[in-house]
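> got a sequence here, can you build the structure:
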Amino acid sequence: MNFAEIGRMDLLRLVAAGGSTWCYTVSVECEKSSRVSGLEQLSEAPGIFGEPLKLETRVEQMDTQVFRARLRKPGDGPAANLGEAESLSIIMNRRLDAVFITDDNGALGFAVEHGIPYTTTWDLLKMFVRAKKLERTTAWHYVLTLGGNQRRYEELRTQDSFYAWLETPGSLQFVP
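Residues are numbered from 1 along each chain as shown. Modelled structure (predicted):
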């Protein structure tokens with residue numbers, strides 16, 4: 001949703017390049033959210049990510065519920081964490097060579113714990129700046145718009161720290 005919020009689904013199209021997918025729950029969430037003012041670009045998601053993967057086995061279904069319970073935080077709504085849990089279940093059970101994209105700290109921790117490669121919105125912004133698809137001042141504006149400067153990462157707290165991080169080779173490192 002972050003890339004729709006900043007009006008840059010075109011950037012996701014670049015990184016997906018026909019080689020990405022998503023799970024059914026996330027596709028349903030995007031379809032519903034595309035009706036919200038400011039998120040209309042989410043209607044482009046099916047053309048970017050293709051046919052969503054669905055849970056196929058009882059094990060995938062059970063793991064999704066177990067993972068969801070583990071990711072759940074007090075006060076979460078009934079649909080909270082379902083997309084992340086479903087994605088993780090599919091990646092793990094099908095042993096997909098995949099990169100999990102999320103900004104959810106609980107889901108990131110789970111991915112790290114299980115050796116699943118991950119990336120965040122912030123890492124993608126960095127990649128687009130380094131590939132010269134995005135100006136760093138614009139990327140900083142997106143960090144502010146999306147509240148990245150209020151997250152746990154020191155690299156996103158100030159414009160100077162963000163610009164310095166953009167010059168480094170690595171991605172943000174999740175520290176539980």
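> this structure: helices as residue ranges?
For the chain, the helices defined by DSSP state H occupy 2-5, 9-16, 24-33, 45-49, 58-71, 82-93, 105-113, 121-130, 136-145, 159-166.
> next, format these as TSV and append distance to residue 151, mean pLDDT and mean neighbour count.
(Each C-beta comes from the backbone N, C-alpha and C, glycine too.) Putting the helices of the chain into TSV (distance: least, Cβ to Cβ, whole Å; pLDDT from 0 to 100; neighbours: other Cβ atoms under 10 Å) gives the following:
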stretch	distance to residue 151	mean pLDDT	mean neighbour count
helix 2-5	12	95	20
helix 9-16	20	92	17
helix 24-33	21	95	18
helix 45-49	24	94	18
helix 58-71	17	96	16
helix 82-93	17	96	23
helix 105-113	8	92	18
helix 121-130	8	95	20
helix 136-145	9	97	17
helix 159-166	12	96	15
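> not including adjacent chain positions, what is the nearest residue to residue 128?
Nearest in space to residue 128, with sequence neighbours left out and distances taken as Cβ to Cβ, 6 or more residues apart in numbering, is residue 134 at 4.0 Å.
> I'd like the helices of the chain as TSV, with distance to residue 99 appended.
Listed next are the helices of the chain as TSV, based on distance: least, Cβ to Cβ, whole Å:
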stretch	distance to residue 99
helix 2-5	16
helix 9-16	10
helix 24-33	15
helix 45-49	13
helix 58-71	18
helix 82-93	9
helix 105-113	9
helix 121-130	10
helix 136-145	20
helix 159-166	19
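> of the ones you listed, which is nearest residue 153?
Across these, residue 153 has its closest neighbour in helix 121-130 (6.9 Å, Cβ to Cβ).
> tell me the angle the closest one makes with helix 159-166.
Angle of helix 121-130 versus helix 159-166, following axes from the mean of the first three to the mean of the last three Cα atoms, to 10 degrees, is 70 degrees.
> for helix 121-130, name the packing helices and strands.
helix 9-16, helix 136-145, helix 159-166 (3 or more Cβ pairs under 8 Å, 6 or more residues apart in numbering; DSSP states H and E).
> brilliant, that's me finished.
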